[in-house]
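Trainee: A predicted structure for the sequence below; I have some questions about it.
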Amino acid sequence: MHGVVCHQVAIEFSTGAGPIRVLKGVDFEAPAGQLTMLVGPSGCGKTTLISIIAGLLRGATGSVRVFGEEVTKLSGADLVPFRLANIGFIFQQYNLLSGLNAAENAAIPLVASGMPWPAALRRAGTLLSKLGLDQHLDKLPRQLSGGQQQRVAIARALVHEPRLLLCDEPTAALDGKSGQAVMGLLRELAVHPDRTAIVVTHDPRVYTYADRVAHMEDGLLTKVEDGTSAAHAGAH
Amino acid sequence: MIRVAFKILLHDTAKYLALVMGIAFATLLISQQSAIFHSVMESSVRDIIDVTEADIWVMKPSVETVDQPDQMAELTVNRVRSTAGVEWAVAYYQAVAQLRTSTGQTKSVSLIGVDDSSLVGAPPTMLLGSLSDLRRPDAVIMDAAGFASIFPGTAPRTGDIVEIGQRRAEIVGISHTGPSWTGLPRVHTRRSLAVEFARETLNPVTYVLARSARGGSPEEVASVITQNTGLLAHSRAGFKARSQEWVLNYSGVAENFGITILMGVVIGVAIVGQTFYMFSVENLRQFAALKAIGVSNGRILGMISSQALFVSVVGYCLGIGVASLFFAVFSPQLTGGLRGMFMDPVIFVGTGVFIVFVTLLSCVISVRRVLTVDPAVVFRS
Ligand SMILES: Nc1ncnc2c1ncn2[C@@H]1O[C@H](COP(=O)(O)OP(=O)(O)O)[C@@H](O)[C@H]1O
Ligand SMILES: [Mg+2]
């Protein structure tokens, strides 16, 4: 069964120059157990689409089903606990809390769900060790490199074992080598039979980490290929 | 999540200190000025405060404030005494007289004549000598601050001979009391002697001090006295309030202190509100990330309120500590305008309640940005 199913998703933004149609009826699917990449030129609507899937952006028409739940129909008050329980986020700007150390940052979703700090920190620590950060658990974000911060963000996104992982340009702020390392870890830790992983990127060098690559252009989904052929095509 | 709130707060040390200092400053200004205002108002009714034994003051109906009495005939004491519900009543006399030292210096003094037999009306705190010394011939008791102003550089002592109203007086005791409205040295003596010092030919009284019998409220007994005698009787508390009301109406004290206290409030609110606003706005992205992850607005408000509560309590403790230190240093002094000034517990607690309330309010107003921030901003770079 599909993790995320979008059907004819459209949205308009009103701007000074009148309304613009940013999504024009997107049909997009991301199955559980796979890493789906959403790619396309800047401004084509990728961030807008995953914001709608996350329930962070309201007002879209069409249908967005996440594990069978129609998110466009959930109330704002229901979306907050829905996100906390089901979704992990990774952003381009890591958006870590500057006053919290690595372990505390990674523990946030657990603590927000009511887990006591010691247990939450233990789980976060275990995950951070897998991400190669066992020496950095008590470091503040500003004491970490960009790649290390993004790995803390990966831990924060996965620590509560969400069914959906949404990543928006996770490697865009990193140099090539750190970007590859981060994608490798993401691939290794995020892909799980019960989890749907969606990674927005416009970096063809990381297509190899995808099971499927969905191409968007100007507010529409244009084609879907499997990861290896996309990587092959991207290399040329 | 409270722990997260504290980490966010304490992480930004400069802003945290600015918040605490702003609140401490506002607390200091508000509590200290309120306490001084309160103390000044107390000093305007020093005579009433210093007479602790009587709970009823009887006067001519024309009297508006304790410092401006109107003389009555000595007979009135008996009329009060014979009123039902009065346990005892004695005469009390106030006047301003001229004092001359042995070296020829003169000074106006506030003369207080207490009841010859009971000494009701005598100063409550003696530094040197004892009250019973008042029974000696020509005996007067002078307050320490007054003594210091008449004999500069001389430590308080007894035994000095002075002239009051061209009549011999011997300082047999030194009392200690807070400042009075007029600032004149305070000289207590027996009433019979006081009228001589004041060169009165009749034997007037300015107030009749009375005590209500056990079981009767001073207010009730006072109204009975007013009805029966055609005089005006107040309970001690009532006369205090009446006199202070008069002072407030005929002086700019309230306005002056009001302005300072208001300044404290405005500065406090401005600093706290502004800093908290900047603090919240700078952390907007972090709060947005929390909202995206699934932390509700209610919990974010809880986090921010606990930050505000924490800084306001810390700032309050600091400010009230400095204010208390101020009074601890100046209050026990024997001379100087700040002697005897104190912070009423109501001001101590009230300032705290007010500061915490204002801080919470200004932070709640300034965090509206945080509550309304679109969590989708976390996707924008
Ligand atoms: N809140 C908004 N108001 C107006 N225009 C917006 C808003 N959000 C996005 N857009 C516009 O929608 C288009 C798609 O944006 P976005 O989804 O961020 O693209 P991508 O992530 O693919 O680069 C852009 O032209 C952007 O300027
Ligand atoms: Mg984008």
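Mentor: The structure has been received and is ready for your questions. Ligands and ions are numbered 1, 2, ... in the order given.

Trainee: in a strand, that's where residue B:117 is, yeah?
Mentor: No: read with DSSP: H, G, I helix; E, B strand; the rest coil, residue B:117 is coil and lies in no strand.

Trainee: Got phi/psi on it?
Mentor: Backbone torsions for residue B:117, taken as degrees, to the nearest 10, come to phi -90, psi -40.

Trainee: Report pLDDT for it.
Mentor: Listed pLDDT for residue B:117 reads 92.

Trainee: Equivalent analysis for the one 10 residues further on, please.
Mentor: pLDDT, the model's per-residue confidence, is 93 for residue B:127.

Trainee: Repeat that for the one 3 residues further on.
Mentor: In the prediction, the pLDDT value recorded for residue B:130 is 92.

Trainee: Residue A:115 too?
Mentor: The per-residue pLDDT reported for residue A:115 equals 96.

Trainee: Let me see the contact set for it.
Mentor: Contact analysis of residue A:115 by Cβ atoms under 8 Å, 6 or more residues apart in numbering or on different chains lists A:107, A:123. The C-beta positions use only the backbone N, C-alpha and C, and glycine is treated the same way.

Trainee: Try it again at 10 Å.
Mentor: Contact analysis of residue A:115 by Cβ atoms under 10 Å, 6 or more residues apart in numbering or on different chains lists A:107, A:109, A:121-123, A:159-160.

Trainee: Can you convert the residues you listed into a markdown table and add a column each for neighbour count?
Mentor: Formatted as a markdown table, the contacts of residue A:115 follow (neighbours: other Cβ atoms under 10 Å in any protein chain shown):
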| residue | neighbour count |
| --- | --- |
| A:107 | 29 |
| A:109 | 28 |
| A:121 | 20 |
| A:122 | 14 |
| A:123 | 18 |
| A:159 | 24 |
| A:160 | 24 |
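
Trainee: Restricted to helices, list those residues.
Mentor: Counting by DSSP state H, these place A:107, A:109, A:121-123 in helices.

Trainee: Distance check, the residue lying farthest from the centre of chain A against chain B.
Mentor: In terms of distance from the mean C-alpha position of chain A, residue A:17 ranks first, at 31.1 Å (Cα atoms, centre = their mean). Distance of residue A:17 to chain B, given as Cβ to the nearest Cβ, to the nearest Å: 20 Å.

Trainee: Return the backbone torsion pair for that residue.
Mentor: Here is the backbone geometry of residue A:17 (degrees, to the nearest 10): phi -90, psi 20.

Trainee: same check, this time on residue B:230
Mentor: Torsion angles, degrees, to the nearest 10, at residue B:230: phi 70, psi 0.

Trainee: Could you tell me how many residues sit around the closest residue to it other than its chain neighbours?
Mentor: Excluding its sequence neighbours, the residue lying closest to residue B:230 (Cβ to Cβ, 6 or more residues apart in numbering or on different chains) is residue B:61, at 7.5 Å. Residue B:61 is flanked by 10 other residues according to other Cβ atoms under 10 Å in any protein chain shown.

Trainee: Check what pLDDT residue B:61 gets.
Mentor: Residue B:61 is given a pLDDT of 92.

Trainee: In the stretch 201-350 of chain B, mark out all the helices, start to finish.
Mentor: Along the stretch 201-350 of chain B, the stretches classed as helices by DSSP state H, counting those that start in this stretch are B:218-229, B:236-250, B:253-282, B:284-293, B:297-330, B:345-366.

Trainee: now the ones you listed as a markdown table including mean neighbour count, distance to ligand 1 and mean pLDDT?
Mentor: Listed next are those as a markdown table, based on neighbours: other Cβ atoms under 10 Å in any protein chain shown; distance: least, Cβ to the nearest ligand atom, whole Å; pLDDT from 0 to 100:
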| stretch | mean neighbour count | distance to ligand 1 | mean pLDDT |
| --- | --- | --- | --- |
| helix B:218-229 | 18 | 70 | 93 |
| helix B:236-250 | 17 | 58 | 92 |
| helix B:253-282 | 17 | 19 | 81 |
| helix B:284-293 | 22 | 14 | 88 |
| helix B:297-330 | 19 | 20 | 91 |
| helix B:345-366 | 18 | 24 | 87 |
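
Trainee: Good, wrapping up.
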